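# Okay, predicted coordinates and the sequence, questions at the end:
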Amino acid sequence: MNLRIHDTLTDSLQDVLPADGKRVGFYCCGPTVYAAAHIGNFRTFVVQDIFRRALELSGTPVKHVRNLTNVDDKTIRESQAQGQSLQAFTGYWTEKFHADCEALNLLRPQIEPGAVEHIAEQIALIQTLMDKGHAYQAGDGSVYFRVESFPAYGRLSRVQERELTTATAQSDDEYDRDSLSDFALWKAAKPEDGPNVWESPWGKGRPGWHLECSAMSMKYLGPSFDVHSGGIDLTFPHHENEIAQSEACTGETFARLWFHVVHLMVDGHKMSKSLGNMYTLEDLRAKGYRPEEVRYALIAGHYRKHLNFTMASLDAARPNLQRLAKLEKQLHQAAGTPKRPPYGVLCKTRPDCGRFSPAFEALLENLNVPRALGELFKAAGELEKAPQSVTAEDYTGLVVMLEALGLRLPEVEAVTAPEEIHVLARARLEARKNKDWARSDELRDQLSARGWAVKDAKDGYELEPV
RNA sequence: GGCGUGGUGGCAGAGUGGUCUAAUGCGCGGGAUUGCAAAUCCCGUAUUUCGUCGGUUCGAAUCCGACCCACGCCUCCA
C-alpha cells in the first residue's frame, strides 16, 4: 500500500511515488530565522515530518530539503535594530530553531540550505529569466517577474480573478512595477539595508523572497521533483510565484505534487500578537509541558483541517503518552524483550505491524493521524485485555507506529529519589506498619511538598516525581 | 466586498449513502483495590442523535437547496 496525499495542484488524492524509482525528493519551505518559531510553524513541520516518516517506513527513501530564510526584510530589519550582523543574528535564531526541532523529535532534513549562502544561484536564475524575457528591471532598480509572460500563472491557487480584484484595490503605487501582479526577483539596495547588499548585474541589492526556494529546491532536487510542501498561507502568492519563475526558467514541471498544512488555531482563534496566543515551545515548557506532549497535541487533528490548540488538548497528551509507554514496556516483555529495532532498520525491513496494521494504513491514507491514533488505541485496548495473545508482530507494530508518529515516550521506570526522600518514605512505611495513620499522612504531605508522590506497594513503596 | 473551509457527546476528534443505536482519546460517574489515597483494573457515559429547515433516496451525519453560526484567506504570516 502506498502513501497517498491530497495534492493541491489537482485537488485530488495522489500516490506519492519517486519519479526516479528510488527516492522521493521532498522540499519544505522552512522558517524565517528572525524570532522563535511558534507552535503554528511547528504544526506544519511536524506534519511534514510524519509525511517523511510514513514514506520511509513504508520503504520509500526520502531526500528531504528544508530551507532557512536568513535574508529578507524581517531578518535585515531586526538584525539592524539590534546592532548585530545579519549572520550572527540569524545564526542565533537558527540554533534556537534546531534545538526546538530536536526537542520535538523532528527528523533533520538531509539538506538545510540557507538563502544567503545561495545568492549566486539566485542571480543565475534571474539572468535566465531576463534572457528569456520573463523579467525586467524597473525604474526603481529592482527586477520583477512579468506574470503576464507566464500564462499558467494561478494554476495552483486558482487565483487569477482574485488577484485582479486585489490588484486594482491597491491603487497605491509604492512599487514601480508594470503590473501589480508582478513580483520582485531582485530588490534594489535601500539605505536601511545597511551592509546587507550583494553585487549583481542589476546593481546592488538582494534577492526577493520567493526566489530562494526555486533556486535551492532545483539545485538539490533537480528542475523537476516529487513533492513540495508548506503552510496553507504559502499557496498564494509564494508557491504560485515559485512555480512561475521556476517553470519559466526551465520549461519543465517544477514540483509534481504539492500539499499544504492548514493553520493551527488557539482557543478558537488564529494566533496573533494582540490575542497573546502565539505560543512558542519555550512558552509551553515554562508552563510545565514537555515537548513530546506538545508534539502529541499538534498531531491530534487532521492536517487539512483547522486544529484547535488549547491547554486542555495539551493536558490530554500526558496520560495518553504514559499509557503508550506502559504498553510498550508490556509488549516488549511479552514479545520476549527483543532489542527494539531502530528507525533505520524498520525502514529497510518494512515489518508486519500485527494488530497495529490498521493504524499504519490510516497514516498512509492522506496522513490521517487522528484515525491512526484511534486505531492505535483500539489495538492497545485489545492487547491490554489479552496480554497472553501478544505476538512479536504486535510489538514491532507498536514500535513502527511510535516511530511513524515520532512519539517519544516518558520513562516508565521510577526515577531514583535522593536519600533524604527515602528517609521520609521509610519513616512513613514504618508508621503504616504501626497503623499510625495520622503520622503516615503527615509524612505523605511532607513528601508531596518536596515534589515526590508516594505510591504504596505490597511491602514497600514507590516514589515518583510530581 | 471577493474566495474558501467547517458546524458530530462536557472537551478534542474520526466517520463522507446501508455493518453509525456514530471510532478513539481526555474528562466525568460508578465499582474493585486501599487505613484513606495515589497508581492500576472493570463497567457506564451522544433522549433513533450528527447547526436549523426542507428535498433526493428503499435507506443520509454522509448527496442537493435555503437559512443561521463560526473560522480562515484575499498584505513577503507555517
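Structure received.
# Next, count neighbours for the single nearest residue of the stretch 151-300 of chain A relative to RNA strand B.
Proximity of the stretch 151-300 of chain A to RNA strand B (Cβ to the nearest atom of the strand) peaks at A:G231, 1.2 Å away. Every C-beta, even on glycine, is put in place using the N, C-alpha and C of the backbone. Using other Cβ atoms under 10 Å, the number of residues around A:G231 comes to 21.
# any idea how far the spatially closest residue to it that is not a sequence neighbour is from A:I232?
Nearest in space to A:G231, with sequence neighbours left out and distances taken as Cβ to Cβ, 6 or more residues apart in numbering, is A:T44 at 4.7 Å. Distance, A:T44 to A:I232, using Cβ to Cβ, to the nearest Å: 9 Å.
# Quickly list what's touching both of those two.
Contact with both A:T44 and A:I232 is made by residues A:V261, according to Cβ atoms under 8 Å, 6 or more residues apart in numbering.
# Contact partners for the residue of the stretch 151-300 of chain A closest to RNA strand B?
Contacts of A:G231 (Cβ under 8 Å, 6+ apart): A:29, A:40-41, A:44, A:260-261, A:263.
# One more: A:G451?
So A:G451 contacts A:465-466 (Cβ under 8 Å, 6+ apart).
# For it, what are phi and psi?
In terms of degrees, to the nearest 10, the main-chain angles of A:G451 are phi 90, psi 20.
# Flag every buried residue along whichever helix or strand A:K326 is part of.
Using DSSP states H and E, A:K326 sits in helix A:311-334. Buried residues in helix A:311-334, counting neighbours by 16 or more other Cβ atoms under 10 Å, are found at A:313-314, A:317, A:320-321, A:324-325, A:327-328, A:330-332, A:334.
# now do stretch A:269-277
For stretch A:269-277, by 16+ other Cβ under 10 Å, it's A:271, A:277.
# mind saving the C-alpha coords of it as CSV?
Extracted in CSV, the C-alpha atoms of stretch A:269-277 (Å, rounded to 0.1, in the frame of the first residue of the first chain):
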residue,chain,number,x,y,z
HIS,A,269,-8.9,31.9,17.0
LYS,A,270,-5.9,32.4,14.8
MET,A,271,-2.7,33.2,16.6
SER,A,272,-1.9,36.8,16.8
LYS,A,273,0.2,39.0,19.0
SER,A,274,-2.8,41.1,20.1
LEU,A,275,-4.5,38.0,21.4
GLY,A,276,-1.4,36.9,23.2
ASN,A,277,-1.7,33.4,22.0
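# That one and RNA strand B in contact?
Yes - applying Cβ under 7 Å from any atom of the strand, one finds stretch A:269-277 touching RNA strand B at A:269-271.
# just how off-centre is that stretch within its chain?
20 Å (Cα atoms, centre = their mean, to the nearest Å).
# Report the rounded mean pLDDT for it.
Across stretch A:269-277, pLDDT averages out at 79.
# Helix or strand next in line after the helix or strand of chain A with the lowest mean pLDDT, which one?
Ranked by mean pLDDT, DSSP states H and E, the helix or strand of chain A with the weakest confidence is helix A:160-169, at a mean of 45. The first helix or strand that comes after helix A:160-169 along the chain, using DSSP H and E, is strand A:183-188.
# Can you list the neighbours in contact with that next one?
A:123, A:125-126, A:129, A:135, A:140-145, A:147, A:175, A:200, A:202-211, A:237, A:241, A:245.
# which of the residues you listed count as buried?
A:123, A:125-126, A:129, A:135, A:141-145, A:147, A:175, A:200, A:202, A:205-211, A:237, A:241, A:245.
# Can you tell me which of these end up in strands?
Of the buried ones among the contacts of strand A:183-188, the ones assigned to strands by DSSP state E are A:135, A:143-145, A:205-207.
# At which residues are the strands of the stretch 251-400 of chain A located?
Under the criterion DSSP state E, counting those that start in this stretch, the stretch 251-400 of chain A contains strands at A:255-261, A:264-266, A:269-270, A:307-309.
# Now for the closest residue to RNA strand B within the stretch 1-150 of chain A, how many residues are close by?
Taking Cβ to the nearest atom of the strand, RNA strand B has its nearest neighbour within the stretch 1-150 of chain A at A:G40, 2.5 Å off. Neighbourhood size, A:G40 [other Cβ under 10 Å]: 22.
# hang on, the earlier thing: tell me the most buried of the strands of the stretch 251-400 of chain A?
strand A:255-261 (a mean of 23; mean count of other Cβ atoms under 10 Å).
# Just list what it packs against, helices and strands only.
With contacts taken as 3 or more Cβ pairs under 8 Å, 6 or more residues apart in numbering; DSSP states H and E, strand A:255-261 sits against strand A:4-7, helix A:39-57, strand A:225-231.
# List of residues touching the first one?
So the one you mean is strand A:4-7. With Cβ under 8 Å, 6+ apart, strand A:4-7 has contacts from A:12-16, A:51, A:227, A:257-259, A:304, A:364-367.
# One more: stretch A:88-107?
Contact with stretch A:88-107 is made by A:31, A:33-37, A:42, A:45-46, A:49, A:52-53, A:64, A:68, A:70-71, A:75, A:78-79, A:82, A:84, A:108, A:114, A:116, A:280-282, A:291-292, A:294-295, A:406-408, as judged by Cβ under 8 Å, 6+ apart.
# how about that stretch, does it reach RNA strand B?
No - using Cβ under 7 Å from any atom of the strand, stretch A:88-107 stays clear of RNA strand B, coming no nearer than 10.7 Å.
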